[in-house]
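Asks: Compute the structure for the input listed below.
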Amino acid sequence: MSGVPGAGVHLPVRGLLFDNDGVLVDSEASVTASWTRWAQVHGLDAAEVLEIVHGRRAADTVALLVPDDRRAAATALIDRFELEDIAGVTAVPGAPELVAQLPEGRWAVVTSGTRTLAGARLSAAGLPRPAVFVTAEDVTAGKPDPEGYAAAAAALGLESAHTLVLEDSPSGVQAGLAAGCAVLGIGERALGTGAPVVVRDLVGARWTGDGLALPADTVLRALRPDG
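Replies: Just a heads-up that it's a prediction; the model follows:
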């Protein structure tokens, strides 16, 4: 990591691994609406459910809340609700401009969402789907397990250490760090994670060909590599 006071931060990497929700797409309203409906059906406190959903596969959240014999039906229901509540999903500020700069083969999406849901949210936000698209169905263990990010780096032909994970949730940041990737936190929620660099959003982020340049006015935290 390099930076000049007042001039922002440059993160030297060869590829970018994006989480989807909260990083590329703003699906907060959709997530709140669908999981609130789901909680009401199951007689659960919606606020408590919403505390644990971010960064997890839906099936993993359901497994924490519903008995085994009801999990398949409960997972199918939240999958349906999330697709029904797709309206209103928008791009995170700066995401379309950054993605448009990236060459094919230099970026991937690694999401806890299903392939259908994640694809629908990208489309709703007007964002393209990359060639490397790792979703809930592609891993045996969801975040914070590093499997998804390690698989995405390998699919790009890169070592994990040469990639940058962009994440907003504690479980996603943990997954990226465990995979051996550099990690950039997105949004204020990421200030509560172990991400050494955190930005407000992706406005002004620029792909330099050998890394990601971040303008000073979006940086919320930038720790030196030695802590």
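
Asks: Other residues contacting stretch 209-227?
Replies: Here stretch 209-227 makes contact (Cβ atoms under 8 Å, 6 or more residues apart in numbering) with 1, 3, 6-14, 16, 94, 164, 184-185, 188, 191, 195-207. Where C-beta positions appear, they are placed from N, C-alpha and C, glycine not excepted.

Asks: Could you tell me how many residues sit around residue 83?
Replies: Residue 83 has 15 neighbours, counted by other Cβ atoms under 10 Å.

Asks: do the same with the one 4 residues further on
Replies: Taking other Cβ under 10 Å as the neighbour definition, residue 87 ends up with a count of 9.

Asks: Now do the contacts for it.
Replies: So residue 87 contacts 30, 124 (Cβ under 8 Å, 6+ apart).

Asks: Secondary structure class of it, three-state.
Replies: Three-state call for residue 87 (DSSP: H, G, I helix; E, B strand; the rest coil): coil.

Asks: so where's the protein shaky on pLDDT?
Replies: 1-7, 224-227 (pLDDT under 70).

Asks: Give me the domain ranges for it.
Replies: 2-27+89-222, 28-84 (automatic domain parsing).

Asks: Could you work out the end-to-end span of the last one for me?
Replies: Translated: domain 28-84. 14 Å (Cα to Cα, to the nearest Å).

Asks: Show me where this structure has its strands.
Replies: Using DSSP state E, the strands found in the chain span residues 2-3, 9-11, 15-18, 25-26, 90-91, 107-110, 132-134, 163-167, 182-186, 197-199, 206-207, 212-214, 219-222.

Asks: got the contact list for the fourth one?
Replies: Outside of strand 25-26, the residues that reach it under the criterion Cβ under 8 Å, 6+ apart are 89, 90, 91, 92, 95, 121, 122, 124, 125, 127.

Asks: Dihedrals phi and psi, the fourth one?
Replies: Note on residue 92: its backbone torsions stand at phi -60, psi 140 [degrees, to the nearest 10].

Asks: From residue 67, how far out is it?
Replies: Distance of residue 92 to residue 67, given as Cβ to Cβ, to the nearest Å: 36 Å.

Asks: okay, the strands of the chain in TSV with distance to residue 45 and mean neighbour count next?
Replies: Formatted as TSV, these follow (distance: least, Cβ to Cβ, whole Å; neighbours: other Cβ atoms under 10 Å):
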stretch	distance to residue 45	mean neighbour count
strand 2-3	43	14
strand 9-11	39	20
strand 15-18	31	28
strand 25-26	25	24
strand 90-91	28	18
strand 107-110	30	27
strand 132-134	32	20
strand 163-167	27	29
strand 182-186	28	28
strand 197-199	30	24
strand 206-207	43	18
strand 212-214	38	21
strand 219-222	31	14
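
Asks: residues near residue 82, how many?
Replies: The burial count for residue 82: 24, using other Cβ under 10 Å.

Asks: which non-adjacent residue is nearest it?
Replies: Spatial nearest neighbour of residue 82, excluding adjacent residues (Cβ to Cβ, 6 or more residues apart in numbering): residue 34 at 4.5 Å.
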